[in-house]
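Asker: sharing a model that was predicted from the sequence below.
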Amino acid sequence: MDALNQYGSSDSEDGEHTRQYAQPVVRQYKVNTAPDTIIGMQQHTPNALETTTMLIRPEQRMLSYNMGYEQMTQPLAGPTESDGSFASKGRGTLASGTVEPQAIEEYLFRQQERMFKQQGRANDPSIGAEGRYITSGVNAGRTGSNQAGSKESRRKRKGKGDPSVARAEGAYQGPWAGFEGDTEKGKQSGPTQEQLAEYEQRMSGQLSTTTNNETLQLTDAVAGSIKTSSKLVYVEGQEERTMFHMQSERDYQGRTYMHVPNELQHIDEGEQTCTAPKQRLVKEWKSAHAGGVSAIRFIPQSGHLLLSCGMDGLVKIFDAHSSLRHLRTYVGHSKAVRDISFAPDGRSFLSSSYDGYTKLWDTETGKCTSTFSTNAKRATPNVARFYPEDANVFLAGLSDKRIVQWDVRAHELTQEYNQHLGAVNSLTFFDSSRRFVSTSDDKSMRVWEYGIPIVIKLIADPAMYSVPSVALHPNQRWFVGQSMDNRIVVYGTGERIKQHKRKQFEGHLTAGFACQPSFSPDGAYLTSGDSEGQVWCWDWRSTKVVARWKAHDKVAICTAWHPRETSRVATCSWDGSIKYWD
């Protein structure tokens, strides 16, 4: 009824109300006829200071500023392919698809990798663990147990043989029978002796005539089976390479040799009470380096790996805990390697060579990630040390009297310390990495503040001898130096850095040799080699000799205490051997 009462004729409505029409909405679009242009690294606008935009180059490794949200969310700019897609090396666009970055735990990735190798399927990471599977071409269309038991993916074993036959053809093999297609034991595979002789003759001719800009062209069939001496020859200009000497780089759990053994994880460095070595030989790596070993270093914290360098231009890493075997060789220097140094986390290390290069290596993969050289003359880097607080920065002491500071990320020379009058031989950080001391052939020690190229303490005396090697005490209150007058001198690291004249270690002969001393993890003992191949062990408090034994036939150039074991010491010599003592 209300609706009927409100209903009226059109005349009454016209008289009482005025008809209204909706106004059309006109949308205005703002067109920028003069957009901002980006030239080089800056955006040129009328107010350039407020609208400056920084671009990131593909080869740029580090940002020294904080980018805003507007800059981080801008669309990609650059050249495009013929189909209109963005052309970028980092995108990983292939003919079969696009490689997308995924964040996944290491153990989950290895689990899916093993599952894909064994069963031919794996979970698709883009849709979660409950999603569909990615299958290989052999097992496409199969699921569950059908994939694991497919006949196409299983290798066939050879027959067990006749139990009545011992050593003739068809002899009994039982469960030790191999698989079909495997190479028989004792049967030669690869190139023949004639091919090897021809290749070695060609190699000797190429090595004598190859210039710095040329590389060796190797035949694939021969290069994989030549002798070790030919494999490890590096000519300047070649790409660095590595050789893994074990059967597999990962164990049954997918772990590499970088994994710290469980029995070493609960031991804190320096908390155990150390004892003098009992002179028992645990392992000897004979002929570890041809021409002699220059230095050895345990991996920080755990000490389950031992790194060495030698006169043959090679760097090698050994298992120092369980198998005690040679694991990997790093090939990248054309001359003898002078020094090596681990990063604080042990995942990378530096090698300094007489060829004038300092190279950064990945410990696990063996890849050379960066190469550093100062100038065209390429002064020899005698020593290189990482900054303990930042693994992206390291210092190198050169033969041209300079100390240079490199930034690994930007690959730039950021600082130069130039005060010495001779070649720099050692660099040692102390005082929570705020200061470091350098020694040189000019028979002086100079103390610097990190990042400031001004000497804050000069230690020089007419009666002083050159100190080519230095070791820091574990409590960082003292450091010792191998003096060329057959002594090990002691200096304090307090506010007034001065020599402790009442404490010095004597008895060994090291004049003319830069024998590297080493402290036990608790600082109770000090060891050093000498020119006669002997190893000396002193008590730190009383400076008395507690142990001495003949370790090598030639000069024992370096000793290194294990950071976790209580009495294990590694020694190396110019006779080419490395020995592990307990």
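Answerer: That came through fine.
Asker: for the rest of this, base every contact and every neighbour count on C-alpha atoms.
Answerer: Fine.
Asker: quick one: the helices in the chain?
Answerer: Applying DSSP state H to the chain gives helices spanning 2-6, 10-16, 69-72, 106-119, 145-148, 193-209, 220-223, 228-231, 262-265.
Asker: how many residues are close by residue 122?
Answerer: Neighbours of residue 122 under the rule other CA atoms under 10 Å: 20.
Asker: which strand residues bridge it?
Answerer: Note on residue 122: beta-bridge partners residue 134, judged by DSSP bridges.
Asker: that one contacts residue 115, correct?
Answerer: Yes: the criterion here is CA atoms under 8 Å, and residue 122 meets it with residue 115 at 6.2 Å.
Asker: mean pLDDT lowest where, among the helices of the chain?
Answerer: Among these, helix 220-223 carries the lowest mean pLDDT, at a mean of 38.
Asker: and residue 419, what does it touch?
Answerer: Going by CA atoms under 8 Å, 6 or more residues apart in numbering, residue 419 touches 401-402, 455.
Asker: show me where pLDDT drops low in this protein?
Answerer: For the chain, the stretches flagged by pLDDT under 70 are 1-60, 72, 75-97, 125-154, 167, 181-192, 203-231, 269-270, 376.
Asker: which ones are touching the closest residue to residue 328 other than its chain neighbours?
Answerer: Nearest non-adjacent residue to residue 328, counting by CA to CA, 6 or more residues apart in numbering: residue 244, 4.5 Å away. Going by CA under 8 Å, 6+ apart, residue 244 touches 327-329.
Asker: separation between the nearest residue to residue 572 once chain neighbours are set aside and residue 388?
Answerer: Counting by CA to CA, 6+ apart, residue 572 lies nearest to residue 578, which is 4.5 Å off, once chain neighbours are set aside. To residue 388, residue 578 is 27 Å away according to CA to CA, to the nearest Å.
Asker: hang on, the earlier thing: could you list which of the contacts of residue 419 belong to strands?
Answerer: Of the positions in the contacts of residue 419, residue 455 sit in strands, assigned by DSSP state E.
Asker: make TSV out of the contacts of residue 419 and add neighbour count and distance to residue 490.
Answerer: As requested, the contacts of residue 419 are exported to TSV (neighbours: other CA atoms under 10 Å; distance: CA to CA, whole Å):
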residue	neighbour count	distance to residue 490
401	20	24
402	20	25
455	16	20
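Asker: of the contacts of residue 419, just say which sits nearest to residue 250.
Answerer: Taking CA to CA as the measure, residue 250 lies nearest residue 402 of those, at 42.2 Å.
Asker: contacts only, for the closest one.
Answerer: 416-420, 423-424.
Asker: quick check: end-to-end length of stretch 538-557?
Answerer: Its first and final residues considered, stretch 538-557 spans 17 Å by CA to CA.
Asker: with stretch 339-355 instead?
Answerer: Taking CA to CA, stretch 339-355 runs 12 Å from one end to the other.
Asker: same deal with stretch 433-450?
Answerer: End-to-end distance of stretch 433-450 (CA to CA): 8 Å.
Asker: could you give the separation of that stretch from the chain centroid?
Answerer: 27 Å (CA atoms, centre = their mean, to the nearest Å).
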